[in-house]
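Enquirer: Predicted structure and sequence below. I'll ask about it afterward.
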Amino acid sequence: MTHLVLVGVSHHTAPVDLRERVDFSRRGLPAALTALSERPDIGEAVVLSTCNRAELYVTCADPLQGARALGAFICAYHELPPALVQPHVYEMVDEAAARHLFRVAAGLDSLVVGEPQILGQVKDAYSEAAERHFTGGSLNRLFHTAFTVGKRVRSETGLGEGAVSVSYAAVSLARKIFGSLKELTVLVIGAGEMGELTAKHLQAQQVRRIFVASRTAAHAELLANQVGGIVIAWQDFPNVLRSSDIVITATGSQDPILSRAHVEAAARARRHPLFLIDIAVPRDVEASAGDLEQVFLYNVDDLQTIVNENLARRAAEVSRAEGIVADEVRHFVAWWRSREVIPTMVALRKRFESIRRSELERLEPKIANLTPDARARVDEITRLIVEKLLLTPTEQLKSVADQETAAAYSDALSRLFSLAPPESVDEERSRVAVPAGKPPKRPVEP
Amino acid sequence: MSFLPLLLYLAAAAAYAVHFTTRTRTSGRAATTTLVGAAMAHTFVIGMRTVQVGSVPFTGSTGAISAFVWLLALAYLYTEMTTDERAMGVFIAPLLAVMQLIPSLDTRVVQRPAVLHSPLFGVHVSSLLFAYASFALACVIGITYVLLFKEIKAKHLGVFYARLPSLEVLDAMNLRAVTIGWVFLTLGVIVGAVWASQEEIRTAVDPRLRAMSLFDPKIFIALICWLVYSFELAARRALGWRGRRAAWLSGIGFAIVLLNLVPVSYFLTRSHNF
């Protein structure tokens, strides 16, 4: 019987320097997949490698041996001593492996819980393997279910919602005020690190232009290069303020550099909202400027409060996301189990069909003189009887929840009907198990 | 039969409330489907009435309210489908259900008086009802603008922050709805005035037609309405009154519209009670 085996290291088990050394994407995933599938005991394979994890998902006949082989493979492939890697490696089989992948795809296993990139990374890892036919019916189903989990968690829970960094919180606020940021002008005053980070996020949103002003011209130059901005003279910033939509202040000044009067004059000269992001400590913008209509002023504490609220909200959503994972694991395991009894079912069906045929052949002399129509009806009736007889046992067998009972039932059926041993129907099984339209697994090259 | 649209509007209100809380895609689709069903049932009821009476049944206060609900449902569904925003439904659907109560309870069949058989009258009523539906949308958009504005200003991002489009998008939607409403309101009032100044109307003996004057409550309030919306549009251009101020004005405007559509129509007007 095929088993699902996962072996890997992640940020939960291994320090960053080890994770860097077992990074499979460095030499390219195809190389790793090819090397992996050259091992005789490995069936299907997917390699998931991100900066926080390196995981191998495979199918194999013997889970213990398979896990051991995978652990050895990780060390051999990266030319690392087993003693260095082994303590950080985790192994999971069947249901546990499926649950782990679903939690990964949902973002539940991520460093920042709910981060959205991981689902895309799982998809990429799968398509790398699927395109080259390293996957078959089992891993196809496993990964497609994982994508469903990721999508459901994203749409049905708030796990991925709300910015969890100060600079991103500022960007998401800007989007909530302005909608699209494409036509906007940004003014960055001061050249602090936070200001730079926020400006970079805004640049990624394709704002129209970014002006940079700093008391030290060299700092302004440097920041402008980083974010594709335009340097303006320090004394010009009050004028540029009028044409700016988003203003980031991050100077080291002890006194506010933007007074309420400054902001009021700028706001009056424009029709659109003005979003002031004051990242400086002590503050750069006079607090009362935020009372002006159409002026939105957030300082670093306000943004930090939002981030904390978002983190708390995400934590509250974890249990809902875990519920979705459990739900999909249950479905997947049911399918996985039902798949195990398929060889027996197929053999039983074959057996019944062969009895039916031989009986029809035996009766041939007696029914030879029937009209073709009547003969067709005889054929139809016998077929329906066989179908009906098989219906209940099929359903019963597929609904068996635990592996042992399923094996016992299969065994009993094989004995009672003296069915062929499972090996001979193995090919039949893989044909049945692979969903239509999926390419069959490429035979492993010697 | 006449209760079916009401029940479905109520169901839609519940479905939009569920969608607003859970925000799942399924509940959103369910809400939209229910509202589409309600609008279709309503179309059917109006169609049956049309066959029964022989003319589109928007004559009389009750018919007008029913037509208003129907138009608002369609206008909202159009907005939802073009913007992919469902959060407004939680405000619109209850309004539809409450307004639909009146036509559901008052099912008298009103024959259209011969004097109203002019095409001008049809244009007058339909453009005003369309204007009112636009104003209802503008009001709801305005309400959501104010709610979101308050959350962002108070630096406490909550329910509406996660569910509504951006302030600028809401403001643009408000402007569009008010502009469309204003155009149809202007058209409706002008066509009404032209119709009322026709020779046979002015010389008619019907007391209602004799009461057609600027000082009839219905007409007077409609003109106030026109002034409010004209001011909203003018102030936006001249004084930069956008965002929250525009939102408030569309709220005030629609309150006046509602006043005119329900109590004034039933109890005060001497000219428009057909």
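Expert: Thanks, I have the structure now.
Enquirer: Please count neighbours and contacts with C-alpha atoms only from this point.
Expert: OK.
Enquirer: Could you list the residues in contact with stretch A:269-282?
Expert: A:170, A:174, A:177-178, A:194-195, A:242-255, A:267, A:284-285, A:294-300, B:240, B:242 (CA atoms under 8 Å, 6 or more residues apart in numbering or on different chains).
Enquirer: can you tell me which of those residues are in helices?
Expert: Counting by DSSP state H, those place A:Ala170, A:Ala174, A:Ile177, A:Phe178, A:Met194, A:Gly195, A:Arg242, A:Ala267, A:Val300 in helices.
Enquirer: neighbours of the last one, just the number please.
Expert: I take that to be A:Val300. A:Val300 has 20 neighbouring residues, counting by other CA atoms under 10 Å in any protein chain shown.
Enquirer: Kindly report the same for the third one.
Expert: When neighbours are counted by other CA under 10 Å, A:Ile177 registers 24.
Enquirer: got a pLDDT number for it?
Expert: Here, the pLDDT recorded for A:Ile177 equals 94.
Enquirer: mind listing what the nearest residue to B:Leu129 once chain neighbours are set aside touches?
Expert: Closest residue to B:Leu129 apart from its sequence neighbours, by CA to CA, 6 or more residues apart in numbering or on different chains: B:Phe68 at 5.5 Å. Contact analysis of B:Phe68 by CA under 8 Å, 6+ apart lists B:Leu129, B:Phe130, B:Tyr132, B:Ala133.
Enquirer: Give the buried subset of these as a PyMOL selection command.
Expert: Here is the PyMOL command that selects only those of the contacts of B:Phe68 that count as buried (16 or more other CA atoms under 10 Å in any protein chain shown):
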select buried, chain B and resi 129+130+132+133
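Enquirer: Please tabulate the contacts of B:Phe68 in TSV, including the columns distance to A:Ala217, pLDDT and secondary structure.
Expert: Shown next, in TSV, are the contacts of B:Phe68 (distance: CA to CA, whole Å; pLDDT from 0 to 100; DSSP: H, G, I helix; E, B strand; the rest coil):
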residue	distance to A:Ala217	pLDDT	secondary structure
B:Leu129	62	89	helix
B:Phe130	59	91	helix
B:Tyr132	58	92	helix
B:Ala133	57	90	helix
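Enquirer: Check which residues of the helix or strand harbouring B:Tyr78 are buried.
Expert: Counting by DSSP states H and E, the element that carries B:Tyr78 is helix B:60-83. Along helix B:60-83, these residues count as buried under the neighbour rule (16+ other CA under 10 Å): B:60-77, B:79-80.
Enquirer: Show me where the stretch 301-446 of chain A dips below the pLDDT cut-off.
Expert: A:401, A:420-446 (pLDDT under 70).
Enquirer: Helices along that one, start to end?
Expert: Assigned by DSSP state H, counting those that start in this stretch, the stretch 301-446 of chain A shows helices spanning A:342-362, A:364-367, A:372-398, A:403-416, A:426-433.
Enquirer: Which strands or helices does the third one pack on?
Expert: Put plainly, it is helix A:372-398. Secondary-structure packing of helix A:372-398 (3 or more CA pairs under 8 Å, 6 or more residues apart in numbering or on different chains; DSSP states H and E): helix A:300-340, helix A:342-362.
Enquirer: Could you export these as CSV, including distance to chain B?
Expert: Formatted as CSV, the helices and strands packed on helix A:372-398 follow (distance: least, CA to the nearest CA, whole Å):
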stretch, distance to chain B
helix A:300-340, 7
helix A:342-362, 34
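Enquirer: Which one, of those, ends up nearest to A:Gln205?
Expert: With CA to CA, the closest approach to A:Gln205 among the helices and strands packed on helix A:372-398 belongs to helix A:300-340: 19.0 Å.
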